[in-house]
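**Student:** Predicted model, plus sequence, below.
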Amino acid sequence: MKRILVLAATAATIATAMPATAADLVFTSWGGTTQDAQKIAWAEKFTEKTGINVLQDGPTDYGKLKAMVEANAVTWDVVDVEGDYAAQAGKKGLLEKLDFSVIDKSKLDPRFVTDYSVGSFYYSFVIGCNKDAVDACPKTWADLFDTQKFPGMRAFYKWSAPGVIEAALLADGVSADQLYPLDLDRAFKKLDTIKSDIIWWSGGAQSQQLLASAEAPFGSVWNGRMTALAQSGINVETSWEQNITAADALVVPKGAKNKEAAMQFIALATSAEAQADLAKITGYAPINLDSPKMMDPELAKTLPDAQTASQVNADMNYWAENRDAIGERWYAWQAK
Amino acid sequence: MVSQTETGSGRPYSPAQVRRLTDFDLTLPALGLLILFFVLPVAMLLTRSVTEPVPGLGNYAELLGSSTYLRIFANTFIVSGLVTLVSLLIGFPVAWALAIMPNRAASIVFAILLLSMWTNLLARTYAWMVLLQRTGVINKMLLGMGLIDTPLPLVNNLTGVTIGMTYIMLPFIILPLYGVIRKIDPAILQAAALCGANRWQSLVRVLLPLAMPGMAAGALMVFVMSLGYFVTPALLGGTSNMMLAELIAQFVQSLVNWGMGGAAALVLLVVTLALYAVQLRFFGTNRMGGR
């Protein structure tokens, strides 16, 4: 989910990368603080338990993944991808089926389980606001799209992915249960009304920076980033009204060299304890239903898990079917 | 081998043979590496542009028939042109000053120039972000001085891209220009003055024409480099200032549509090679870098 700029993450990777021997497992994610957390909560535990060394690579790059599979030279064993991509890539034959005799899916949130993927962690798009920078904070998606009542720049996620289109439709009065199939014409028309007031963020760190500096005092951001901003002492407000959930997923590329170890790794990563550990560090929600019980109640309160009242689930299957068509239209609209 | 050459009758190779070896053969290892790891993969990607998703020129028809993509092409040329122009306007006086400065002062300016070139590109680009944003240093200063009432939009738009890229390109125009201007005999300017030319006339009618090869070579180089630029426009530009390189990255990485990615890459490659041909035709390889 974090398309942190390729260069930054690559530099970090090169520093730690060593040639993988056959026994080493290669885990690929998006770099930055989330991958650091995955390393601590999952990879180090996995090595402790199995003796299998885990090498970190990144950032996730769908072009690279496809190239590896096509050339039958797969060097990644477990990859953290966006949920909608996982659903699509599985159907395209780019992924191995997961072995659910190794991975216990009975305790996993069924929203994020497919034949080819399980959730990595999940998050919500919420309305974040820097209280010190504005007189009033937008509470609803309609507020965020109202430039009269809430003048100023607003931050939105730059890439074609579940979240922004849903927000536009909700703001335009579509009810949550009528969202899918997405009315793209209507969504883009609504987005047109605020297009010149949008600053696009391409990675989580940038969204934090935009809000903290009040370059864009409010916007649609991942909930974990609001937790991080609050921890760093910034006076922020998070509105969970109709928070839109989406998830990262763990997948195994077709032809991965260490398939068995990859299944074991995913089994550990999705276990209650490992999921709770990751959530503690990142502020994103665990996809194992037993994890919240293992967490500090104060912390559990800040997770999307505790905000289900008006929660809206992005439909990953719909996105998987329409990912390419929406993507092309999305980028064409942005470039206009 | 060593003993053979030393004990053999005189030199193992005639001078002519040695010269022939330096001409082309010595480039072979590098050439082989490039062909294997650069030319071949690029050719494979380009092949996909006429084979994916169906064989034919469909990708090119879509690319050149869509107003969105044409706008991105136009945008790429506008940004590159603007960057080249501003780089020339700023770079020429700097190169001139460098050429007539005392050596010690010049070496300090050179050090600053090179230091900026050696600093990480991302770091420099982020620095511009901090400087230019609405709540950034420049806007705060102008607001504080009462010169403006509302912050100027300096970033996430064409202004931001132009500033950021010009800054990065400046050394590439200053260095060749410096080389050319340095070679101009100062006596020529004195002669112009003696013949009654005022300062403006000696600049426009003597110095500029003499510096023209350096300016043209530098400008072309900056233009061509700008055409393929990725990081700076991605960070400092808005989505409506998208450039070709970003479009290619989007096709390859996000949409995983390699047919379209290959087509866009070929268009960029053809334009770049055409410009390079112009450069070769008019200035030759030895003028590059201002020698």
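**Tutor:** Thanks, I have the structure now.
**Student:** which residue packs closest to A:Asp296, ignoring adjacent ones?
**Tutor:** Take A:Asp296 and drop its neighbours on the chain: the residue closest to it by C-beta to C-beta, 6 or more residues apart in numbering or on different chains is A:Lys280, 7.7 Å away. C-beta coordinates here come from the backbone N, C-alpha and C atoms, glycine included.
**Student:** where does A:Phe125 land in three-state SS?
**Tutor:** Here A:Phe125 takes the strand state, with states given by DSSP: H, G, I helix; E, B strand; the rest coil.
**Student:** That one is in contact with A:Ala167, isn't it?
**Tutor:** Yes - the pair A:Phe125 and A:Ala167 passes the contact test of C-beta atoms under 8 Å, sitting 6.7 Å apart.
**Student:** anything in contact with each of these two?
**Tutor:** A:Ser220, A:Ile244 (C-beta atoms under 8 Å, 6 or more residues apart in numbering or on different chains).
**Student:** list the contacts for residue 208?
**Tutor:** In the absence of a named chain, chain A is used. Contacts for A:Gln208 (C-beta under 8 Å, 6+ apart) come out as A:Val221, A:Arg225, A:Ala228, A:Leu229.
**Student:** The intended chain is chain B.
**Tutor:** B:Met215.
**Student:** what's the nearest residue to the residue in chain A that chain B sits nearest to if we skip its chain neighbours?
**Tutor:** As assessed by C-beta to the nearest C-beta, chain B sits closest to A:Gln334 within chain A, at 3.8 Å. Excluding the flanking residues, the one nearest A:Gln334 by C-beta to C-beta, 6+ apart is B:Thr239, at 3.8 Å.
**Student:** Would you quantify the distance from the residue nearest to A:Asp84 when sequence neighbours are not counted to B:Met169?
**Tutor:** Distances taken as C-beta to C-beta, 6+ apart put A:Trp319 closest to A:Asp84, at 3.5 Å, once the chain neighbours are dropped. Using C-beta to C-beta, to the nearest Å, we find A:Trp319 at a distance of 40 Å from B:Met169.
**Student:** Over to A:Ile40?
**Tutor:** Taking C-beta to C-beta, one finds A:Ile40 at 42 Å from B:Met169.
**Student:** more crowded one of those two?
**Tutor:** Using other C-beta atoms under 10 Å in any protein chain shown, the more surrounded residue of A:Ile40 and B:Met169 is B:Met169, with 27 against 13.
**Student:** need the contact list for that one.
**Tutor:** So B:Met169 contacts B:Val83, B:Thr84, B:Ser87, B:Val222, B:Met225, B:Ser226 (C-beta under 8 Å, 6+ apart).
**Student:** Pull out the CA atoms of stretch B:108-128 and give them to me as CSV.
**Tutor:** Taking C-alpha atoms only, stretch B:108-128 is exported to CSV below (Å, rounded to 0.1, in the frame of the first residue of the first chain):
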residue,chain,number,x,y,z
ILE,B,108,34.8,28.1,-4.8
VAL,B,109,31.9,28.6,-7.1
PHE,B,110,32.8,25.3,-8.9
ALA,B,111,32.9,23.5,-5.6
ILE,B,112,29.4,24.8,-4.8
LEU,B,113,28.2,23.7,-8.2
LEU,B,114,29.7,20.2,-7.9
LEU,B,115,28.7,19.7,-4.3
SER,B,116,25.1,20.3,-5.4
MET,B,117,25.5,17.8,-8.2
TRP,B,118,26.9,15.2,-5.8
THR,B,119,24.1,15.6,-3.3
ASN,B,120,21.4,13.0,-3.4
LEU,B,121,18.7,13.9,-5.9
LEU,B,122,15.8,13.0,-3.6
ALA,B,123,17.2,15.0,-0.8
ARG,B,124,17.6,18.1,-3.0
THR,B,125,14.0,17.6,-4.3
TYR,B,126,12.5,17.3,-0.9
ALA,B,127,14.4,20.4,0.2
TRP,B,128,12.7,22.3,-2.6
